[in-house]
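1. Requesting a structural model of the entry that follows:
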Amino acid sequence: MGNLKVTQVKSIIKTLENHKRTIKALGLGRPNYFKILPDNAQTLGMIEKVKHLVKVEKLAE
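-> Next comes the predicted model:
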């Protein structure tokens with residue numbers, strides 16, 4: 001499948017509580033933090049929920 005680099009670009013202040021929990025579940029927490037995550041259905045679903053707060057890059061295998 002591959003990996004994704006997920007970078008938080010906006011703060012979670014004044015966002016919905018479920019968006020805050022999703023950001024924490026992705027392993028993020030502050031702007032400019034990033035995580036390398038697997039490219040699977042679970043990760044893509046979480047990213048879709050908070051796509052306005054994060055930037056996603058596909059990494060070469």
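
2. List the buried residues of stretch 41-49.
-> For stretch 41-49, the neighbour count (16 or more other CB atoms under 10 Å) marks 43, 46-47, 49 as buried. Quick note: C-beta positions are derived from backbone N, CA and C, even for glycine.

3. can you check stretch 52-61 too?
-> Here stretch 52-61 shows 53-54 as buried, counting by 16+ other CB under 10 Å.

4. and the gap between the nearest residue in space to residue 8 that is not next to it in sequence and residue 61?
-> In space, and not counting its chain neighbours, residue 8 is closest to residue 28: 4.3 Å by CB to CB, 6 or more residues apart in numbering. Distance, residue 28 to residue 61, by CB to CB, to the nearest Å: 23 Å.

5. repeat for residue 7
-> 19 Å.

6. got it, and residue 16?
-> From residue 16 to residue 61 the distance is 34 Å (CB to CB).

7. Equivalent analysis for residue 46, please.
-> Per CB to CB, residue 46 is found 21 Å from residue 61.

8. Show the contacting residues for residue 8.
-> Neighbouring residues of residue 8 by CB atoms under 8 Å, 6 or more residues apart in numbering: 23, 28-34, 53-54.

9. Just list whatever residues bridge to it.
-> Taking DSSP bridges as the rule, residue 8 bridges to residue 54.

10. Find me the pLDDT at it, would you?
-> You'll see residue 8 listed with a pLDDT of 98.

11. Likewise for the one 5 residues further on?
-> The predicted local distance difference test score for residue 13 is 96.

12. wait, is it part of a strand?
-> No: assigned with DSSP: H, G, I helix; E, B strand; the rest coil, residue 13 falls outside any strand and is coil.

13. Give the burial count for it, as a bare number.
-> 6 (other CB atoms under 10 Å).

14. Would you map the helices across this structure?
-> For the chain, the helices defined by DSSP state H occupy 17-25, 41-49.
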